[in-house]
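> whatever this is, show me its structure:
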Amino acid sequence: MPTDPNIALGSSLAARLRDAAALTPQKPFCTFLSRGKDEAITYGELYDRSCAYARFLSGHGVAPGAVVLIILRHSPHLFYSFFGAVLAGAIPSFMPFPTPKQRGDLYWSDHETLFARIEPALIVTYKENRDTALAALPHLRVPIVVEEETALVTPDSREYPGLHAEYDSVACLQHSSGTTGLKKGVMLTHRAIDLQVGAYAESIGLDSNDRVASWLPLYHDMGFITSFLMVVLRGLHVVALDPFEWVMRPGLLLDSIEKYRATLTWLPNFAFAHLANATKPGARWDLSSMRAFISCSEPCKPRAFERFLSRFRDCGVTEQMLAISYAMAENVFGVTQTKLGGAPRTVRGVLSCGEPLPGVRVAVARGENFAENGTVGEIAVTSPFLFSGYYGLADATRSKLRDGWYATGDLGFVDGGELFVTGRLDDMLIVNGRNYYAHDIEEAVSELPGCIPGRAVAITVEDPATGAEGLVVIAEHEDAAEPAMTAVGIKASLLERFGLAVHAVVVLPAGRLVKTTSGKIGRNKNKELYLAGDFAGAETNV
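You can find the predicted model right below:
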């Protein structure tokens, strides 16, 4: 239930924020952490600064229904600019900013295509990125403003258009990204977000005493919903860390949980292993306040949970605190959720993702027909909060939305009313007539000595000599590792574990593989680079 019964459901996101600020102006919305400093933001301050942004955007000609792209580093302006756009009646969308770990040429070429499709009315970013964008995209005809310019704007109490937005109108775009393809703008209505938050809150027993700790970026649906919009719509308190600071110092999340007595956090599978492996041995935290560490965003592996539990059992973590959610931007966020307070089941070596949220139906399809329980097939979803389509992509929308069902492209099976996700259709590799999941191969490689965890990609390419598809593994090696020996170890391990004869192994220095903005390996892009010879000169082939 909402924190206060006077906060009306069925109204726009902007109206919900206004009501929360009016009822509890001094209540903490966010403790914002950056570079060792804590900044407290109340609901009243969130609304005031959002109003300043709304006035600023309107003054720059942003009309209701126009798209505003937000490309900001870790900053409270992320929150203000989003709700400022919503108040102005515009359609905001968080986008990732370029980082040194990304290929700059690929980032800008991809985003030039994306900007042309979206035709935004305005881009909010930081000064360095504005200068870079103008240089990289000389033909871009979009106003670009920087966050500092809004600091001089005084909020006023005018009736902004977004306060009276239709419940079924598009509130924002969530740009989903995966291992293949250019990001697509998922259109989410006020109704869809509101109903999703209500159903997900019910599934985890959310109440006003919960406090979220998060390092997740807001341009990914997991952080966007669990650590921002759900917090605002339920009147909660979030402790927000810089994602890049967390990667370098993963213990920061545990520091925050202990200091602020957080109860919930959401993590992708790799983060469980990263926390277990990268925190200082012997270091201890009091994590007993936690109700759940919820794994989401990528296939959840039993081994990651085992490592995490083994490392932090002395800190108060129990098996009952580990939970899993299957989620996607096209359903706003959650599709299924395991019950909190009970460890997820394992069937056929796969962890359960739990039962569907209230109002959600999940089916597994085999060809044109739904499969029986236990049969692996493509997962399809229907719900009251399914997305309205992909922005500017009518054909892509029709190909994925059929008779009110969304074809996810994920593979899985149902057992005992619970969903078990096994992989993706586009992750399936066929080698010598047998099917393999690319992420299973990549996980096995990541565990080998000399390989950097999470920095491996498995692809198939045609063998000119035979015409058959051969397996190619591309992996990054640790600085101290010998590339040739690392390659030999990869080939031997995959032969022993999967019976796979590898066509080629390519071992690269750290930072060469291309990843998506959500941190996943860009499988198609790396395959293109491999075939184009982009990895030549730094590779070790076996």
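> just the buried residues of stretch 275-295, please?
Of the residues in stretch 275-295, those with enough neighbours to count as buried (16 or more other CB atoms under 10 Å) are Leu275, Ala276, Thr279, Trp285, Leu287, Met290, Arg291, Ala292, Phe293, Ile294, Ser295. C-beta coordinates here come from the backbone N, C-alpha and C atoms, glycine included.
> and if you look at stretch 116-135?
Applying a neighbour-count criterion of 16+ other CB under 10 Å, one finds 117-118, 120-126, 129-130, 132-133 buried in stretch 116-135.
> ok, stretch 194-202 next?
Of the residues in stretch 194-202, those buried by neighbour count under the rule 16+ other CB under 10 Å are Asp194, Leu195, Gln196, Val197, Gly198, Ala199, Tyr200, Ala201.
> which ones among the buried residues of stretch 116-135 lie within strands?
Taking DSSP state E as the definition of strands, the buried residues of stretch 116-135 contribute Leu122, Ile123, Val124, Thr125.
> would you check that the third one makes contact with Arg73?
No. The pair Val124 and Arg73 fails to qualify as a contact (CB atoms under 8 Å) at a distance of 11.8 Å.
> now do the SS call for Gly423.
The assignment at Gly423 comes out as strand when based on DSSP: H, G, I helix; E, B strand; the rest coil.
> from Ala199, how far off is it?
As defined by CB to CB, to the nearest Å, Gly423 lies at a distance of 26 Å from Ala199.
> partner strands of the worst-scoring helix or strand of the chain on mean pLDDT, with direction?
The least trusted helix or strand in the chain, going by mean pLDDT, DSSP states H and E, turns out to be strand 369-370, with a mean of 72. Next to strand 369-370 in the sheet, as set by DSSP bridges, lie strand 361-366 (antiparallel).
> identify the residues contacting the strand it pairs with?
Applying CB atoms under 8 Å, 6 or more residues apart in numbering, the set of residues contacting strand 361-366 from outside is 335-336, 356, 370-371, 375-383, 405, 407, 412-414, 419.
> that older thread, the buried residues of stretch 116-135 into JSON lines, with extra columns for distance to Val457 and pLDDT?
Shown next, in JSON lines, are the buried residues of stretch 116-135 (distance: CB to CB, whole Å; pLDDT from 0 to 100):
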{"residue": "Arg117", "distance to Val457": "27", "pLDDT": "89"}
{"residue": "Ile118", "distance to Val457": "28", "pLDDT": "91"}
{"residue": "Pro120", "distance to Val457": "32", "pLDDT": "95"}
{"residue": "Ala121", "distance to Val457": "37", "pLDDT": "96"}
{"residue": "Leu122", "distance to Val457": "36", "pLDDT": "95"}
{"residue": "Ile123", "distance to Val457": "31", "pLDDT": "95"}
{"residue": "Val124", "distance to Val457": "33", "pLDDT": "95"}
{"residue": "Thr125", "distance to Val457": "30", "pLDDT": "94"}
{"residue": "Tyr126", "distance to Val457": "31", "pLDDT": "94"}
{"residue": "Asn129", "distance to Val457": "28", "pLDDT": "91"}
{"residue": "Arg130", "distance to Val457": "33", "pLDDT": "90"}
{"residue": "Thr132", "distance to Val457": "27", "pLDDT": "89"}
{"residue": "Ala133", "distance to Val457": "29", "pLDDT": "89"}
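> could you find the closest non-adjacent residue to Tyr107?
With CB to CB, 6 or more residues apart in numbering as the criterion, Tyr107 has its nearest non-adjacent residue at 4.7 Å, and that residue is Pro98.
> which residues in the stretch 151-300 of the chain form helices?
190-203, 221-224, 230-233, 243-248, 251-260, 269-278 (DSSP state H, counting those that start in this stretch).
> spatially central residue for this protein, please.
His220 (3.4 Å; CA atoms, centre = their mean).
> how about the buried residues of stretch 116-135, which pair is most distant?
Arg117 and Tyr126 (23.6 Å; CB to CB).
> what's the separation between Arg307 and Val317?
Counting by CB to CB, the gap between Arg307 and Val317 amounts to 12 Å.
> neighbour count winner among these two?
Val317 (20 against 17; other CB atoms under 10 Å).
> please look at the more buried one and Arg291 and confirm they touch.
No. Between Val317 and Arg291 no contact is recorded; they are 11.5 Å apart, counting by CB under 8 Å.
> returning to that earlier point: mean pLDDT added to the helices of the stretch 151-300 of the chain, as a markdown table?
What follows is the helices of the stretch 151-300 of the chain, written out as a markdown table (pLDDT from 0 to 100):
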| stretch | mean pLDDT |
| --- | --- |
| helix 190-203 | 98 |
| helix 221-224 | 95 |
| helix 230-233 | 98 |
| helix 243-248 | 93 |
| helix 251-260 | 98 |
| helix 269-278 | 90 |
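> rebuild the ones you listed as TSV, extending it with distance to Pro155.
Conversion of those to TSV gives the following (distance: least, CB to CB, whole Å):
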stretch	distance to Pro155
helix 190-203	22
helix 221-224	24
helix 230-233	17
helix 243-248	28
helix 251-260	28
helix 269-278	37
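> which of these sits closest to Leu23?
When those are compared for distance to Leu23 using CB to CB, the nearest one is helix 230-233, at 12.9 Å.
> secondary structure class for Leu140?
For Leu140, the reduced secondary structure class is coil; criterion used: three-state DSSP.
> for Ile123, see how far away the nearest residue to Asp314 once chain neighbours are set aside is.
Here the nearest residue to Asp314 in space, its sequence neighbours aside, is Arg284; by CB to CB, 6+ apart that works out to 6.3 Å. Per CB to CB, Arg284 is found 45 Å from Ile123.
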